[in-house]
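> Using only what follows, build the 3D model:
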Amino acid sequence: MISRRKIYQFFLTISLILIKFDYETIAAASSGNSFAKDRKVTFKVIPSRLPDTSKVYITGNHAQLGDWNPGKVPLIKNTEGSWSKTFLIEDGTHLEYKITRGMWQNETVNKYGMVPPNSILEVENDTLIIIKVDNWRDSDSLRSAIKPIGKEAYKAIIQFFQYDRGIPLDARVVATEDFPDFVREKIAFNGARGNRVPGYLGIPKKGSPPYPCVLLMHSGVMEGKEIWWDEKLGYWERLVTKPLLSAGFAVLTLDGQSHGERSIHNDFVAGTTTLFQRYWIARAVDMLMESTLDYRRAIDYLATRSKFDTTRIGALGWSMGGMMTFYLTAVEPRIKASIPCTVALNIYGSLLPDVIAPWHYARGIGNRPVLMMMSRHDPFYTVEEAQQLFNLISGPTKELALYDVDGHYLSEDYVPKAVEWFQKYLKK
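This is a model prediction of the structure:
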């Protein structure tokens with residue numbers, strides 16, 4: 001028979017062991033150690049083709065992989081032409097990753113030109129991952145050539161930019177703010193698809209009505225119409241807003257479909273995320289077309305107010321908005337002068353369908369004045385491509401302004417040139 005003393009000693013021993021185990025566990029956790037072991041994970045990329053000056057990057061859902069920043073983690077070039085890097089990743093980690101050349105528009109694609117889903121690795125052992133790259137999204141072999149469709153085909157595609165004018169606008173002024181040089185109204189109206197469209201309408205204090213009006217179309221950023229007004233956001237677009245108002249122009253900015261206050265319809269993600277990360281291609285196309293139609297409806301709204309002269313309407317857009325400037329000018333005869341800026345040209349065929357490429361809509365511009373403003377070093381087009389698009393504009397009143405900046409933007413001196421263009425072609 002076991003004595004009570006021995007039973008007591010047994011449970012005391014077990015308790016001391018458990019206490020010691022808990023102490024060591026807590027001490028290990030506080031010192032940054034863990035029982036999980038780090039594994040060596042090596043990624044080796046073998047590209048079948050690679051531009052001479054390019055670098056290869058890995059990105060993924062882990063801090064060491066850049067947390068989905070496509071240009072943060074470069075791989076190291078090996079003598080035989082492959083690119084590789086080794087990471088220490090904790091055992092049991094779920095990794096998702098992609099290979100790029102530094103930007104989402106030049107990530108890897110398969111042999112059919114399609115963007116594959118994220119690659120997945122469950123880290124369990126030291127691992128070597130060999131990745132053979134078939135092609136890159138921006139490859140010349142994948143992108144559409146800048147060659148416009150024929151006249152009959154053009155007549156067919158512009159039908160997708162028509163709308164029912166009989167749908168009530170049901171417009172109202174939601175709020176009014178007074179500034180030293182202008183008054184800004186927040187407006188809302190029914191868009192072409194029946195959705196409510198919010199916007200800002202800036203009315204100058206200089207001059208007298210009816211005012212000419214410039215429609216400003218934003219790029220694919222989440223903030224939408226705010227980028228034309230909010231200095232804290234730091235976007236280049238806003239630099240032109242107040243100079244236009246000071247020159248006596250009204251300005252109208254809308255939230256494009258899925259942007260700003262309308263992002264609820266797009267899972268609260270920006271247009272760039274929709275296209276370059278989630279690959280919701282059909283939704284991106286619908287976004288471009290519906291936003292263009294909503295600007296046509298915005299002109300209908302301006303026509304209901306005696307303060308504005310709808311015979312003197314201009315359009316200016318950046319990036320996504322630059323694409324829309326081509327569409328809108330082509331399908332809307334009430335646009336009298338336009339300024340498309342930083343128009344993306346290398347994403348058709350490889351990403352967006354060719355049918356919405358801006359060069360197909362150049363024929364619809366006719367003789368109306370067009371000022372194209374483009375960067376000399378933009379990842380979304382080359383200077384040669386910009387010149388090709390410009391050459392497709394048939395009218396005699398056109399100009400291509402190239403800015404010596406490195407990126408998808410313009411220098412500050414685009415502002416006075418843009419204002420001068422509208423002063424010349426929109427003022428009486």
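> Name all residues that make contact with residue 191.
197, 257, 290, 293-294, 297 (CB atoms under 8 Å, 6 or more residues apart in numbering). (C-beta placed from N, C-alpha, C; glycine too.)
> one more time with 10 Å
Listed by CB atoms under 10 Å, 6 or more residues apart in numbering, the contact set of residue 191 reads 163, 167, 169, 197, 254, 257, 262, 290-291, 293-298.
> Ok, residue 200 next?
By CB under 10 Å, 6+ apart, residue 200 lies in contact with 175, 177, 184-187, 216, 225-226, 228-229, 241, 251-255.
> Name the helix or strand for it, please.
If you go by DSSP states H and E, residue 200 is part of strand 196-204.
> Give me the sheet partners of that strand and which way each runs.
strand 182-190 (antiparallel), strand 250-254 (antiparallel) (DSSP bridges).
> follow-up on the earlier one: tell me the buried residues within the contacts of residue 200.
Burial by neighbour count, judged by 16 or more other CB atoms under 10 Å, picks out 184-187, 216, 225-226, 228-229, 241, 251-255 from the contacts of residue 200.
> which element follows the strand holding residue 200 toward the C-terminus?
Taking DSSP H and E, what comes next after strand 196-204 is strand 211-217.
> which secondary structure elements does that following strand contact?
strand 196-204, helix 241-246, strand 250-254, helix 281-302, strand 308-318, helix 320-331, strand 335-341, helix 414-426 (3 or more CB pairs under 10 Å, 6 or more residues apart in numbering; DSSP states H and E).
> Report the distance from the last one to the chain centre.
The one in question is helix 414-426. Helix 414-426 sits 26 Å away from the centroid of its parent chain (CA atoms, centre = their mean, to the nearest Å).
> in stretch 378-396, what's buried?
Going by 16+ other CB under 10 Å, stretch 378-396 has these buried residues: 378-381, 385-386, 388-390, 392-393.
> again but with stretch 417-424, I slipped
Of the residues in stretch 417-424, those buried (16+ other CB under 10 Å) are 417-419, 421-422.
> And stretch 357-372, by the same measure?
For stretch 357-372, burial by neighbour count (16+ other CB under 10 Å) applies to 357-365, 368-372.
> go on, stretch 37-54?
39, 41, 43-45, 47, 50.
> now that stretch: mean pLDDT?
On average, the pLDDT along stretch 37-54 is 88.
> so who does the residue nearest to residue 182 when sequence neighbours are not counted touch?
Counting by CB to CB, 6 or more residues apart in numbering, residue 245 is the residue found nearest to residue 182 once chain neighbours are left out, at 4.4 Å. Residue 245 sits next to 179, 181-184, 202-206, 211, 214, 251 when contact means CB under 10 Å, 6+ apart.
> Please report how far residue 245 lies from residue 203.
Per CB to CB, to the nearest Å, residue 245 is found 8 Å from residue 203.
> hmm, back to that, out of the helices and strands packed on strand 211-217, the one nearest residue 158 is which?
helix 320-331 (5.3 Å; CB to CB).
> which other helices and strands contact the closest one?
Using 3+ CB pairs under 10 Å, 6+ apart: helix 320-331 touches helix 151-157, strand 211-217, helix 271-276, helix 281-302, strand 308-318, strand 335-341, strand 370-377.
> Can I get those in CSV including mean pLDDT?
Output for the helices and strands packed on helix 320-331, formatted as CSV (pLDDT from 0 to 100):
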stretch, mean pLDDT
helix 151-157, 93
strand 211-217, 97
helix 271-276, 62
helix 281-302, 90
strand 308-318, 97
strand 335-341, 98
strand 370-377, 95
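> Single out the most deeply packed of those.
Mean neighbours per residue, mean count of other CB atoms under 10 Å, is largest over these for strand 211-217, with a mean of 27.
> Specify the angle between that strand and helix 414-426 in degrees.
130 degrees (axes from the mean of the first three to the mean of the last three CA atoms, to 10 degrees).
> And strand 211-217, how far out from the chain middle?
22 Å.
> repeat for stretch 258-267
14 Å.
> buried ones in that stretch?
Quick answer for stretch 258-267 (16+ other CB under 10 Å): 258-260, 262-263, 266.
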